[in-house]
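*Asks:* Using only what follows, build the 3D model:
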Amino acid sequence: MSIARKHKTRLYNLGKPLILNIGNIRTMLTDAGIPYGPITLDNVSQDEAWLNTVEYLYAHELVEQFLNVFIEVNDGVEDLVKLREEIERASIDKMFPLLKSILRERADCVLFLGPEFLNWRVQREIYSFNRYFNLKLMQKLKDLDIDYEEIHKDDLSYMIHRFETKRKFVAGDTEQLAHTIYKSPGMIRDYYRHLPGFKLPLIINTNPDTVLSDEYPDQCELATYDITNIAPTPFPGLNEQKTLVYNIFGSFQNPPSILFTEKKAVEFTRNVYDPETSIPFQIKDLVRSSYCIFIGFNFNDWHFKILFDVLDLQKQPQNFAFYDINTQVKEQQIEYYERHYHMSFIKNDVEAMLEEILAI
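*Replies:* Just a heads-up that it's a prediction; the model follows:
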């Protein structure tokens with residue numbers, strides 16, 4: 001159940017025993033400056049009248065306005081006060097001042113970039129890199145006359161597996177194809193231009209791109225978690241002059257390090273729980289003590305739960321997830337991350353939000 005629906009259900013359940021009669025509802029609405037004419041209160045039961053009221057309040061964003069009166073009338077009932085505080089924390093209008101305040105103290109914030117952050121524009125369509133890669137694999141399979149199950153065509157790991165059954169397959173062919181797509185025209189860089197302005201100590205990038213360190217070398221420095229250990233590089237550390245961009249699922253600087261498949265995800269899981277090959281302690285320590293902001297995630301991939309567990313996200317102050325109006329996040333995932341990782345979800349235009357937050 002999403003946070004808005006949970007709040008609505010809680011308000012209904014908390015309020016039901018406190019409502020004296022339908023006239024009581026009308027009086028509180030009037031005191032709150034809310035017209036009750038549009039709400040169906042006549043010729044219905046008291047419970048139905050209260051349900052109709054709650055539905056109306058949420059549909060017209062009047063909950064906080066009503067709660068102030070409801071709490072006063074009921075002598076500050078503790079559960080209603082707690083509900084109001086939760087709603088205030090989840091309010092977008094309240095989020096922006098809080099996030100601006102957090103971002104003023106750059107050491108207290110870590111930014112995570114998800115798979116939906118790296119996008120391509122192809123004709124009139126916009127695709128995430130993984131989706132675009134998947135479409136290219138689909139075409140390759142057709143060209144190579146390799147069959148695949150239609151029901152799994154959107155599963156990147158499965159499509160890579162089918163591609164790697166081709167004749168004369170050579171290790172590295174998949175990564176080479178991905179790199180060729182990465183270098184193709186159409187990448188949308190609009191979001192990236194905002195990020196150096198935040199001057200954060202750390203950005204954790206779950207994509208393999210090197211856009212920030214390539215285009216803003218004076219402000220951003222790249223480091224990569226490499227499960228292959230083919231090209232290990234010393235951890236550069238954190239400093240006040242540059243933002244460290246940490247590619248936690250590999251980088252195109254070493255294509256075999258990139259986590260594209262479930263097999264690689266299992267290997268990643270095994271490595272990050274091993275003290276000898278775990279994520280650098282400097283990364284973990286900073287994440288544990290920081291507010292974390294997530295952009296470009298749909299939270300459907302299971303290995304993100306492994307990553308968040310390894311980073312002890314449940315132990316840090318609070319997490320905020322921005323997701324675009326066109327991104328679909330399953331309700332059960334929202335509930336899971338709200339419960340386990342104190343995640344507040346904000347659905348809006350991502351670039352507009354970045355500009356709003358940056359205007360500090």
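*Asks:* tell me the domain ranges of the protein?
*Replies:* As assigned by automatic domain parsing, the chain contains the domains 3-90, 97-117+191-358, 129-182.
*Asks:* Nearest to residue 123, out of those domains?
*Replies:* Closest approach to residue 123 among these is made by domain 129-182 (12.0 Å; C-beta to C-beta). The way it works is simple: take the backbone N, C-alpha and C, and place the C-beta from them, glycine included.
*Asks:* following the host helix or strand of residue 99, which helix or strand comes up?
*Replies:* For residue 99, the enclosing helix or strand under DSSP states H and E is helix 92-104. Using DSSP H and E, the helix or strand that follows helix 92-104 in sequence is strand 109-113.
*Asks:* what helices or strands is that following strand leaning on?
*Replies:* Contact here means 3 or more C-beta pairs under 8 Å, 6 or more residues apart in numbering; DSSP states H and E; on that basis strand 109-113 packs against strand 202-205, strand 291-295.
*Asks:* how close does the residue of the chain most remote from its centre sit to residue 29?
*Replies:* For the chain, the largest distance from the centre (C-alpha atoms, centre = their mean) belongs to residue 43, which lies 44.6 Å off. According to C-beta to C-beta, to the nearest Å, residue 43 stands 18 Å off from residue 29.
*Asks:* and if you look at residue 248?
*Replies:* 50 Å.
*Asks:* ditto for residue 283
*Replies:* Taken as C-beta to C-beta, the span from residue 283 to residue 29 is 51 Å.
*Asks:* next one: residue 133
*Replies:* 54 Å.
*Asks:* Could you do residue 276 as well?
*Replies:* The gap separating residue 276 from residue 29 is 63 Å, by C-beta to C-beta.
*Asks:* Between these two, which has more neighbouring residues?
*Replies:* Counted by other C-beta atoms under 10 Å, residue 276 and residue 29 do not tie: residue 29 has more neighbours, with 23 against 5.
*Asks:* Does residue 142 belong to a helix, a strand or coil?
*Replies:* Of the three states, residue 142 takes helix according to DSSP: H, G, I helix; E, B strand; the rest coil.
*Asks:* quick one: pLDDT of it?
*Replies:* Residue 142 carries a pLDDT score of 94 in this model.
*Asks:* Give me the neighbour count for it.
*Replies:* Around residue 142 sit 11 other residues, with neighbours defined as other C-beta under 10 Å.
*Asks:* List the contacts of it.
*Replies:* Taking C-beta atoms under 8 Å, 6 or more residues apart in numbering, we find residue 142 in contact with no residue.
*Asks:* From residue 153, how far off is it?
*Replies:* Distance from residue 142 to residue 153, counting by C-beta to C-beta: 11 Å.
*Asks:* do the same with residue 23
*Replies:* 59 Å.
*Asks:* Just want to know which of these two has more residues nearby.
*Replies:* Taking neighbours as other C-beta under 10 Å, residue 23 and residue 153 compare with residue 153 leading, 16 against 11.
*Asks:* My read is that the more buried one contacts residue 139, right?
*Replies:* No. Residue 153 lies out of contact with residue 139 (C-beta atoms under 8 Å); the separation is 11.5 Å.
*Asks:* Burial check on residue 208, number of neighbours?
*Replies:* Per other C-beta under 10 Å, the neighbour tally for residue 208 reads 24.
*Asks:* For it, which non-adjacent residue is spatially closest?
*Replies:* Excluding its sequence neighbours, the residue lying closest to residue 208 (C-beta to C-beta, 6 or more residues apart in numbering) is residue 258, at 4.5 Å.
*Asks:* Now for the one you found, how many residues are close by?
*Replies:* 25.
*Asks:* Surely it touches residue 265?
*Replies:* No. Applying C-beta under 8 Å as the test, residue 258 and residue 265 come out as separate, 11.3 Å apart.
*Asks:* which residues in the stretch 51-200 of the chain form strands?
*Replies:* Secondary structure of the stretch 51-200 of the chain (DSSP state E, counting those that start in this stretch): strands at 109-113, 119-122, 125-128, 187-188.
*Asks:* Among those strands, which comes closest to residue 224?
*Replies:* strand 109-113 (13.9 Å).
*Asks:* distance between the closest one and the chain's centre?
*Replies:* 10 Å (C-alpha atoms, centre = their mean, to the nearest Å).
*Asks:* Export the domains of the chain as TSV, with columns for distance to residue 123.
*Replies:* Formatted as TSV, those follow (distance: least, C-beta to C-beta, whole Å):
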stretch	distance to residue 123
domain 3-90	35
domain 97-117+191-358	17
domain 129-182	12
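*Asks:* Select from the ones you listed the stretch with the lowest mean pLDDT.
*Replies:* domain 97-117+191-358 (a mean of 82).
*Asks:* Bridge partners for residue 293, pull those for me.
*Replies:* Counting by DSSP bridges, residue 293 forms beta bridges with residue 111, residue 320.
*Asks:* Tell me, how many residues neighbour it?
*Replies:* By the criterion of other C-beta under 10 Å, residue 293 has 23 neighbours.
*Asks:* Ok, the one 10 residues further on next?
*Replies:* Each residue near residue 303 was counted by other C-beta under 10 Å, and the total is 17.
*Asks:* Also residue 224?
*Replies:* Using other C-beta under 10 Å, residue 224 is surrounded by 23 other residues.
*Asks:* for it, what are its contacts?
*Replies:* 233, 246-247, 250-251, 253-254, 257.
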